[in-house]
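Colleague: 3D model of this:
(chains A and B)
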Amino acid sequence: MNGEHATREVFWNVSQVWVMYVLLIPTMLVAGYGIYRRFRTWRRGRPEQRFDQPWVRIQFLFRHAVVQQATWQKRFAGFFHALIFWGMVNLTVATTVVLVHHDFGLPIMQGQFYLWFQSLTVDIFGALTILGLSLAAVRRWTSPSMPLVHSWEASMILILLLTILFSGFLLEGWRIAATNDPWGMWSPFGYVIAMASLSWMSIPAMQWTHAVTWWFHMGLVFGFLAWAPYTKLLHPLTAVLNLYTAPLSPIGGSLHAIDFDKNESLGVNALSSFTWKDLLDLDACTECGRCTAVCPANAVGKLLSPRDLILDLRHLSRTQDDFSKPIIDATPALSPEALWACTTCGACVESCPVSIAQMPKIVDMRRHLAMEEAVLPDTMEKAIGSLEARGHPYAGTQFSRLDWMKGLEVPQRADIQECDVLLWVGCGGALVERNQRVTRAMAQLLDKAGVNYAVLGREERCTGDPARRMGNEFLFQKLAGENIATLQRYQVKTVVTACPHCFNTLRNEYPELGGNFEVLHHSQFLERLVSEGKLSPKAQSEAKVTFHDPCYLGRQNNIFDAPRQLVQISVRPASVEMEKSREKSFCCGGGGGMSFVDEPANQRVNQERARQVLETGADVVAVGCPFCMTMLEDGVNAVRSSDPSTRPTKVLDVAELLWDSVRDQSTTF
Amino acid sequence: MISPAKGLTHLMNILVCLKQILDPELPSRDFRIDAAGRDADRNTAGLVMNIFCANALETALQFREKHGGKITVITFGVPSAEEILRKALALRVDSAVLIRSDLSQRPNPWCIARVLAAAIRKLGDFDLVLTGRESGDWGDGQTGALLAEELGRPCVSLADELKADTVNTALVRIRRQTDQGWEALEASTPLVITVTNNEHNVPRIAKTRDVMQAFRQPLTTWSLAELGVDAQSISEDLACTEVVELAIPIKQTHCEWVTGETLDDRISLLAKRIATVVQSA
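Modeller: Numbers count the residues shown, from 1 in each chain, chains lettered A, B, ... in the order given. Okay, here's the model as predicted:
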């Protein structure tokens, strides 16, 4: 049969259609108010520029809203979410086609388009949507341990959508059967229902149930549309807005500076101190719980839960009219205890499919505690005090910034005319005994490669990373200002550092304060030296190595390959990967000032990571960060002391591995 | 100034004497002695507020929080000593005074006490004068007591707790550390108290807003001449002590084997050797 005239009658078997149009008005008003209410809330936040670089933003939106890259990171959830998402997109388009065809009087719903799209495609996608919803329902109702919010709202949404879709298929089937639709086969699922119905229902019975079901279906659809903006199903709108306005910087550059000349609030202890984007974040949350599932503090049983923090803030933003009320300690998830448990590893931010910035909000609230109230955990207070008095956080160290270079000839910037590269040693690299060995390896590698480098020596100060992440932005800016002045005085162009925290601060945070330098992590620089032939590895160790991605190098700055290549250059066997690696790496527990905190013995993040390291059976865990170094050494030792049968895995920096290889002394185990 | 607690009519006027010293956390291998061998070389060390002075300041701040009153801080030192006064201002003391030292040598406790006493007479009456128990650089532990002497006031040393009497506003209750334990004292003002550390007077950290504000606050600066301290008595004070020599102890390890036929021989020889070493030390 020729499909040229194929179409169907819109509103077949439906009388008093005008009632539907009338009902549409209150539906739209209720839904519109739901959206307006949220929009009004966002406008109460402080200003923030988030509409620059539209083309970059559109590309980002495409990757995350259309391709749903992040959602797919969880295979099963990503799969059914895609089914539901694409199903709903198709159904929405199909409804729009009907609208244009019937109400705008443009007869587009006919012919081949009617058959291929409006019948076949929509029918298949409708069925896939039911499949997706059913998988979601099975997961929700059979795995109580999932990090989901088990609310009646979530269940109700699934039930409602399934009912709407099922009734839609019944309507289609009965229409095909009752009208003896010559194109019915083009809607295969509807056709099956038509055939099945014909076997036990009379045509008049079908007409009657069709009419009743049609109004039932319509009522549910309208009810759902009106209700959705009051539920997490607001997210098709808020997620798109939130993704479009997402921060374009890497996670490591996502903290905003405070302008101390303006009398703005120092940190956040009220919803009114958040920016509109922070408030939009709250409404974008779909309660999926991925952030809490990847949070290292949460994993070891601490109070911190990024998801609950966001949901509690959202609850406050929806229930309290006074946005100047204190929010810290309003709920357990917002308590100082929870806020001080954060390692600022950024796993929550990375895992979020809708680009919510949980960690920066934690730092914002820490800023209030540290600067407005001046109340920090004791050991952090000590580190801050030492940063203020001595420019490094290691209170009580017996080392000076020059001790590590004993016996080596390391040029200091003040003593020479010029240098190509400034080796930024960092406090960890200079003042912690174990890390001094890494700095020595680094200096010797630079020497061997003939690099014209120098160090700042005593003129170096902490970059300010720990101060900033412990909430003392004022101290951070003071230290940063001093360092920038020193670096500019020496006309430094390229900085290389073995500390990812220094690296991140120098690279992502100094430009805002006027310091623009080319900044490289030592793994990047060393890898470059090897590929240029300036360093030639001789011996290759036989050790089985696994690489632990430092959060501030990997996840927060997207550098994953350079350190792995260094490992592969220095070691013969292929290295093994931990289950949680690269973007999904699990924090060593030392970021955000946490390496200065004495964690409760049964809640140590480093021991959890050490167990993950030991599970690989590696001889060596390679690191590229002084904090990871000490945290993992302590972690491995602690795990081994409680279970001496575990492997004596060594912690080595990638520079140490390379140095052993270059000086022809393969590390043996 | 903080209003008095309920029932108290008299506001305590408190002075806290502060000293800026070489950072005691300077790594020992960075510690140097100057060419004359009489003083520590500033070298790379930072300068900080003496910890016991910080304890005294914290004690005063807690006292003011509880009982009301007014806190003035004072220091006698080189211009850089302004830093510790700013730190104190950031902790919201009411006023700060810097007495600039133009002496060519390091002042000793007699000299410091005389200068502080002159400043106190110029500033007016204080109910309480608090000092640290000693400084972390030279550790003389004299200034507080000498200052009391100079002012002709009683002195309670090694206090670690300070409370107001709720009935008699001219009385304070002091807990004092001794070798045997604590002494609970009742003292009438005015008096001088030297403060030692305990777990309750760990110095607090300043709020950032106050730190920013502290740099804009006025500071009274006086020279010795403005205080009317006469040069003759200062030089007499300085002459009463002399640093003969300052040396960094040399860490030496010396190993000696005790030999003997039997174990008993070796034990008795070892015991005798220990006895001679102890006696000679």
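Colleague: Which positions in the stretch 1-150 of chain B make contact with chain A?
Modeller: Contact residues, the stretch 1-150 of chain B versus chain A (C-beta under 8 Å from any C-beta of the partner chain): B:Asp23, B:Glu25, B:Pro27, B:Ser28, B:Arg29, B:Asp30, B:Thr44, B:Gly46, B:Val48. To be clear about C-beta, it is placed using only N, CA and C from the backbone, and glycine gets the same treatment.
Colleague: doesn't A:Ser400 make contact with the fourth one?
Modeller: No. Taking contact to mean C-beta atoms under 8 Å, the distance of 9.9 Å between B:Ser28 and A:Ser400 leaves them out of contact.
Colleague: These two - which one has more neighbours?
Modeller: A:Ser400 (18 against 10; other C-beta atoms under 10 Å in any protein chain shown).
Colleague: one step back: pick out the most distant pair among the residues of the stretch 1-150 of chain B next to chain A.
Modeller: For the residues of the stretch 1-150 of chain B next to chain A, the farthest-apart pair by C-beta to C-beta is B:Arg29 and B:Val48; their separation is 19.0 Å.
Colleague: So the two - more neighbours on which side?
Modeller: Shown here are B:Arg29 and B:Val48; by other C-beta under 10 Å, B:Val48 has more neighbours (23 against 13).
Colleague: Now, the residues of the stretch 1-150 of chain B next to chain A that are in strands?
Modeller: B:Val48 (DSSP state E).
Colleague: Return the member of the residues of the stretch 1-150 of chain B next to chain A nearest to A:Ala127.
Modeller: Of all the residues of the stretch 1-150 of chain B next to chain A, B:Glu25 has the smallest distance to A:Ala127: 71.6 Å, by C-beta to C-beta.
Colleague: for the closest one, what are its contacts?
Modeller: Counting by C-beta atoms under 8 Å, 6 or more residues apart in numbering or on different chains, B:Glu25 touches A:Ser386, A:Ala389, A:Arg390, A:Ala395, A:Gly396, A:Thr397.
Colleague: ok, the second one touching B:Leu22?
Modeller: Yep, that's A:Ala389 we're talking about. No. Assessed by C-beta under 8 Å, A:Ala389 is found out of contact with B:Leu22, at 11.5 Å.
Colleague: These two: which has the busier surroundings?
Modeller: B:Leu22 (20 against 16).
Colleague: what pLDDT does the more buried one get?
Modeller: pLDDT for B:Leu22: 92.
Colleague: again, but for the one 5 residues further on
Modeller: Residue-level confidence at B:Pro27 comes out at 83, pLDDT.
Colleague: Quickly find the element holding A:Arg40.
Modeller: A:Arg40 is part of helix A:18-42, with elements assigned from DSSP states H and E.
Colleague: Now do the buried residues in that helix.
Modeller: Buried residues in helix A:18-42, counting neighbours by 16 or more other C-beta atoms under 10 Å in any protein chain shown, are found at A:Met20, A:Leu23, A:Thr27, A:Val30, A:Ala31, A:Gly34, A:Ile35, A:Arg38, A:Thr41, A:Trp42.
Colleague: Leaving out chain neighbours, which residue sits closest to the residue of chain A found nearest chain B?
Modeller: As assessed by C-beta to the nearest C-beta, chain B sits closest to A:Met371 within chain A, at 3.6 Å. Computed as C-beta to C-beta, 6 or more residues apart in numbering or on different chains, the closest residue to A:Met371 that is not its neighbour in sequence is B:Thr208, at 3.6 Å.
Colleague: try B:His10
Modeller: Spatial nearest neighbour of B:His10, chain neighbours left out: B:Thr169 (3.8 Å); criterion: C-beta to C-beta, 6+ apart.
Colleague: Just say helix, strand or coil for the one you found.
Modeller: coil (DSSP: H, G, I helix; E, B strand; the rest coil).
Colleague: For chain A, see how far away it is.
Modeller: Using C-beta to the nearest C-beta, to the nearest Å, B:Thr169 is found at 31 Å from chain A.
Colleague: and that residue, how many neighbours does it have?
Modeller: B:Thr169 is flanked by 18 other residues according to other C-beta under 10 Å.
Colleague: what does A:Lys232 give?
Modeller: There are 20 residues near A:Lys232, going by other C-beta under 10 Å.
Colleague: For the spatially most central residue of chain A, what is the enclosing helix or strand?
Modeller: Geometric centre of chain A, nearest residue: A:Glu350, 1.8 Å, by C-alpha atoms, centre = their mean. A:Glu350 is part of helix A:347-351 when elements are defined by DSSP H and E.
Colleague: Show me the domain layout of chain B.
Modeller: B:13-239, B:251-281 (automatic domain parsing).
Colleague: Worst mean pLDDT among these?
Modeller: domain B:251-281 (a mean of 89).
Colleague: how much distance is there from it to the middle of the chain?
Modeller: Taking C-alpha atoms, centre = their mean, to the nearest Å, the mean C-alpha location of domain B:251-281 is offset from the chain mean by 42 Å.
Colleague: Does it reach chain A?
Modeller: No. Using C-beta under 8 Å from any C-beta, domain B:251-281 never reaches chain A; the gap is at least 13.2 Å.
Colleague: ok, and of the contacts of B:Glu25, which contact chain B?
Modeller: Residues of the contacts of B:Glu25 in contact with chain B (C-beta under 8 Å from any C-beta): A:Ser386, A:Ala389, A:Arg390, A:Ala395, A:Gly396, A:Thr397.
Colleague: any chance of the residues you listed in JSON lines, with secondary structure and pLDDT too?
Modeller: Output for the ones next to chain B among the contacts of B:Glu25, formatted as JSON lines (DSSP: H, G, I helix; E, B strand; the rest coil; pLDDT from 0 to 100):
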{"residue": "A:Ser386", "secondary structure": "helix", "pLDDT": "93"}
{"residue": "A:Ala389", "secondary structure": "helix", "pLDDT": "90"}
{"residue": "A:Arg390", "secondary structure": "helix", "pLDDT": "91"}
{"residue": "A:Ala395", "secondary structure": "coil", "pLDDT": "89"}
{"residue": "A:Gly396", "secondary structure": "coil", "pLDDT": "86"}
{"residue": "A:Thr397", "secondary structure": "coil", "pLDDT": "89"}
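Colleague: Next to chain B, which bits of the stretch 151-300 of chain A? Give me the list.
Modeller: Applying C-beta under 8 Å from any C-beta, we find that the stretch 151-300 of chain A lies next to chain B at A:Phe260, A:Leu266.
Colleague: the helices in the stretch 151-300 of chain A, which residues?
Modeller: For the stretch 151-300 of chain A, the helices defined by DSSP state H, counting those that start in this stretch cover A:152-179, A:188-198, A:203-227, A:235-244, A:276-284, A:290-294, A:296-299.
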